[in-house]
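*Asks:* predicted model and sequence below, questions to follow.
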Amino acid sequence: MSLIDEKDQVRTEEMLLNVGPQHPSTHGVFRLVVKISGETIIDAEPVIGYLHRGTEKLAEDLQYTQIIPYTDRLDYLAAMLNNYALCHTVEEALGLEIPERAEYLRVIAMELNRIASHLLFIGTYLLDLGAMSPFLYVFAERERIIQLFNELCGARLTYNYMRIGGVKWDAPPGWLDKVRAFVPHMREQLKMYDDLITGNEIFLNRVRGIGVYDTETALAYGMSGINLRSTGFDWDLRRKKPYSIYDRFDFEIPVGKNGDCFDRYYLHLLEMRESLKIVEQALDQIPESGPVLGKVPKLIRVPAGEYYSGIEGARGELGFYIVSDGKDKPYRMKIRKPSFLNLQLLPKLLRGQNMANLIAILGAVDIVLGEVDA
Amino acid sequence: MWHWEANPLNGPAVLGMVIGGVVILILTLLVVMYSIYWQRKLIGWIQWRIGPNRVGPFGLLQTAADVIKLLIKEDVVPEKADRAMFLLAPIIAFVPAFTVLAAIPFSAHHVFTANISIGALFYVALSAITIHGVMLGAWASNNKYSLIGGMRSAAQLISYEIPLGLSIVGVVLMAGSINLNDIVEAQAKSGLWYVIPQILGFIVFMIASTAELSRTPFDLPEAESELVAGYHTEYSGFRFAFFMLTEYVYLFAMAGLFATLYLGGWSGPLLPGWLWFAIKAFLYISFQFWLQATMPRMRVDQLMSFSWKVLLPLALVNIVITAVVKAFV
Amino acid sequence: MSEEGRKPGEAQDQPADATEKPEAPAPAAPVTSAASAAPGASAAEGADKPAAQDVAKPAAKEGADKPAVKPAARPAAAGAGAAAKKTPPPDPRAEAAKEKAEQVKAAIVAQLGEAAVEEVGAAHFVPMLVIRKQDWPAAVDLLRTHPDWRTNYLEFMAGTDYKDKGYIEVVIYLQSTELGHFICLKTRTDRDQAEIPSLFSVFPGVNWEEREIYDLLGVTFTGHPDLRRIMMWDDFKGHPLRKDYNEWDERNA
């Protein structure tokens, strides 16, 4: 017999909580309807589409070069990579030859952009976890990269730098030296972040063993990028399906061990180091001068057929699929959006966690809503 | 020294009390204003920024501008909120915060501070009332984030009140009095601030007081990235200002308590007592801001277990050691 | 789109001067272009890597022998278009892909019968098979578990509306992370009664992709646990990525 009479007990009920679309930690207009009992999450239902601009539909009425600025707006933290992913698919379709210098400029721009994007991840992730300073620290460094990009292409966020067959402009005089000076500086900064953040006991307690999944799940859910590598699975397209000139560089693909949020955080840090290595090597190898845009017809017509190619974006495999009917505009363009696919596992990970872990897990997925919603 | 307990309650005495209260209020508001300014400056420097520098020289009037902005804002009460409680909550939260200042001895020859014989207890008891204001406000807002924030707040403040109270017991044992004035005088007389003999209690006090103030890394009740703004999500304008004021008055009060209990309050060589007190309080406040710029936030379950499984035993150990030393050494 | 359907399209957009070089080598892979494309060809590393490179090499050599073509400044496509007009040039990489597609077909046919595979070809340089829609999940699952293929990673999924051909096509690119195969599978469904069995039971990761295709192209995935609109709002009418979608259409009002 129970000591307490059932009907005397306080009645409790579950509560539906809308996390977002306006919420400080959803990194944009992302909505998560969570059913909570106390602070424990019973169920979570992501709702996306608030930032859907129909990029794929718009692209059907645009010439290939005209699509490039639209790709800037997908993952707006890594626009160089988006630019490249589109150009890469079209170049593959055309079988184009890219001038050497352009390839190197592209790689430098992409890897710098990857660093900028990862920096922002670390800043916002720590901000989500309640630490304010890292956000401002990484912004200072990101600002340097953005200034470099500003000099390179005249824009701070939406670069529109890559062109089919090369890049729009050659680097301004002295730019490469600035990048060269930036690399050792950034390396020191990374070491500082590592010292300041990775060893913090409170931080470790919040991210270790949280949001764990294994390689099998990650593959079944189509995850890519750091979200996949954190499970210990070595899958980086720069290695597995080398594109551009990545086969010329010596770099490592860091992989995680436990597949938890800490691994995902730490891999961002490690990947930045590898990106710096690539930038450094590219700076050493880049030809002194030369054309930066291959000879491409004024009006680019992709031969009829369908083409898919993916690159290793900042958030995972970023791919463009183009169906062409031989005209100057794609018949259909579809983007493989890494954050979109990485986000799918979220409800599963959240079940049984509490509100604080929700933020930690969501933050570690590293989504950009511009990309998720496209 | 003039003692209000020893004098008849006549017209001039009441007037004196009112004037004293107003002076303390103004002093407190000034301290709060410049605490906020200092917070923004210091954190700004830590984060490679400049901090406020536009309003007034060196941005010194920035907080005044902010306060004026808050005061002239529209007073919004959500339609579905419990109006009466919603309006009352900030006041319930603020009054005890201000009242506890009465027990803090700012200087050796304090004029306006009450020389309460149960000073330390008075502080702990009154400060607990603020939780009610916070919870009422959270509940009355009729907002889910507020509710969660209020619940967290209640759980956290009550949990940490216990180690905080127990850490004070160590000091009380050493001084042999609960009167805060006597505690200061005991330290001044022995020439040894209690931070050294009471190092264990000091550590517990620092952690528990940070949690009591809901400051980083214990800022869960208003965890911005999780709960938007926690219990004051729905508050705006001067009601919000009241909650903010409460928070910073408590910061000042806790700094005063800290200085009194562990750093010998107003006692110190050469400089006048009030300055010593100010320096010590300033140290504590700066320490809190430093923490805020450094630490991430703890998780709610870890927070609880940390209080009950780590701090509480530590505080108890401290009491036992203090008692044993006091009795046999 | 099949390989056969591509030829006429290629021929029509050649620049006028492309015809000046009728001796352009058949594969039209200028040396540098072939070299830079090699990583692409070896995309699916592992089993098909040597094959793809072997066939790519002679092409490169041939190109090197004819310096006239080497300043392939001219996009390869133009050259290819020129050649396509005279003699349809079988690109060795496409041929290899087709060959591999036949092997995949053999594996599927052995289990699901001859009718399961409707068409075999290459999507650019990726082996491509069109699967009958009734056998869609079964075929995908078969390849996933088949010891020779083990395509355990669904890398990409898309739907395309071919209005003129009267069908909607759903395409997936499967990757085997162990064996390195990269295969493109397709299935087609009628435009008016667009319905395809869901792959959710095989790859739970297609959940949102299928929702997106349902939302934007109006394909019903039978057996999908949660088929709702994902990008557009719930009471949105119509499917924007269909080629005949018109937002002023009364049906969509």
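*Replies:* Noted; the coordinates are in hand.
*Asks:* show me the shaky parts of the chain.
*Replies:* Picked chain A for this. A:1-9 (pLDDT under 70).
*Asks:* my question was about chain C
*Replies:* C:1-89, C:250-253.
*Asks:* so which residues of it form strands?
*Replies:* Remark: strands assigned in chain C by DSSP state E are C:117-123, C:126-131, C:153-162, C:167-175, C:182-190, C:195-197, C:220-222.
*Asks:* which of these sits closest to residue B:306?
*Replies:* strand C:153-162 (42.2 Å; CB to CB). The way it works is simple: take the backbone N, C-alpha and C, and place the C-beta from them, glycine included.
*Asks:* neighbours of the residue in the stretch 101-250 of chain C that chain A sits nearest to, how many?
*Replies:* Residue of the stretch 101-250 of chain C nearest chain A, by CB to the nearest CB: residue C:205 (3.4 Å). Neighbour count for residue C:205, taken as other CB atoms under 10 Å in any protein chain shown: 25.
*Asks:* measure residue B:50 to residue A:144 for me?
*Replies:* Separation of residue B:50 from residue A:144 (CB to CB, to the nearest Å) stands at 18 Å.
*Asks:* ok, these two, which is more surrounded?
*Replies:* residue A:144 (18 against 13).
*Asks:* residues from the stretch 51-200 of chain A in reach of chain B?
*Replies:* Listed as neighbours of chain B in the stretch 51-200 of chain A under the rule CB under 8 Å from any CB of the partner chain: A:126-133, A:136-137, A:140, A:200.
*Asks:* who wins for neighbours among these?
*Replies:* When neighbours are counted by other CB under 10 Å, residue A:129 leads those with 31 neighbours.
*Asks:* residues contacting the residue lying closest to that residue once chain neighbours are set aside?
*Replies:* Distances taken as CB to CB, 6 or more residues apart in numbering or on different chains put residue B:296 closest to residue A:129, at 4.3 Å, once the chain neighbours are dropped. Contact analysis of residue B:296 by CB atoms under 8 Å, 6 or more residues apart in numbering or on different chains lists A:126, A:129-131, A:200, A:202-203, A:206, B:216-217.
*Asks:* repeat that with 10 Å
*Replies:* Listed by CB atoms under 10 Å, 6 or more residues apart in numbering or on different chains, the contact partners of residue B:296 are A:125-134, A:197, A:200-207, A:360, B:216-217.
*Asks:* among these, which lie within helices?
*Replies:* Using DSSP state H, the subset of those located in helices is A:125-128, A:133-134, A:201-207, A:360.
*Asks:* residue 215: neighbour count?
*Replies:* If you meant another chain, say so; for now it's chain A. Neighbours of residue A:215 (other CB under 10 Å): 20.
*Asks:* that's the wrong chain, I meant chain C
*Replies:* Neighbour count of residue C:215, defined by other CB under 10 Å: 22.
*Asks:* what's the residue nearest to residue A:129 sitting at in phi/psi?
*Replies:* Phi and psi for residue B:296, reported as degrees, to the nearest 10, are phi -80, psi 180.
*Asks:* look up how far residue B:310 lies from it.
*Replies:* According to CB to CB, residue B:296 stands 18 Å off from residue B:310.
*Asks:* same check, this time on residue A:357
*Replies:* 21 Å.
*Asks:* element containing the closest residue to residue A:92 other than its chain neighbours?
*Replies:* Spatial nearest neighbour of residue A:92, excluding adjacent residues (CB to CB, 6+ apart): residue A:309 at 5.0 Å. If you go by DSSP states H and E, residue A:309 is part of strand A:305-312.
*Asks:* then residue A:149?
*Replies:* Applying DSSP H and E, one finds residue A:149 within helix A:133-153.
*Asks:* got the buried residues for that helix?
*Replies:* Residues of helix A:133-153 classed as buried: A:133-139, A:141-142, A:144-146, A:148-149, A:152-153 (neighbour count, 16 or more other CB atoms under 10 Å in any protein chain shown).
*Asks:* next: stretch B:179-196.
*Replies:* In stretch B:179-196, counting by 16+ other CB under 10 Å, buried: B:179-188, B:193-195.
*Asks:* for these, work out which two are farthest apart.
*Replies:* The two members of these with the most space between them (CB to CB) are B:179 and B:195, at 19.4 Å.
*Asks:* what about the residue of the stretch 101-250 of chain A found nearest chain C, distance to residue A:145?
*Replies:* Residue nearest to chain C within the stretch 101-250 of chain A: residue A:222 (3.4 Å; CB to the nearest CB). For residue A:222, the distance to residue A:145 equals 30 Å [CB to CB].
*Asks:* equivalent analysis for residue B:219, please.
*Replies:* From residue B:219 to residue A:145 the distance is 31 Å (CB to CB).
*Asks:* quick one, which of residue A:357 and residue B:310 is more surrounded?
*Replies:* Neighbour count, other CB under 10 Å: between residue A:357 and residue B:310, residue A:357 has more, with 24 against 13.
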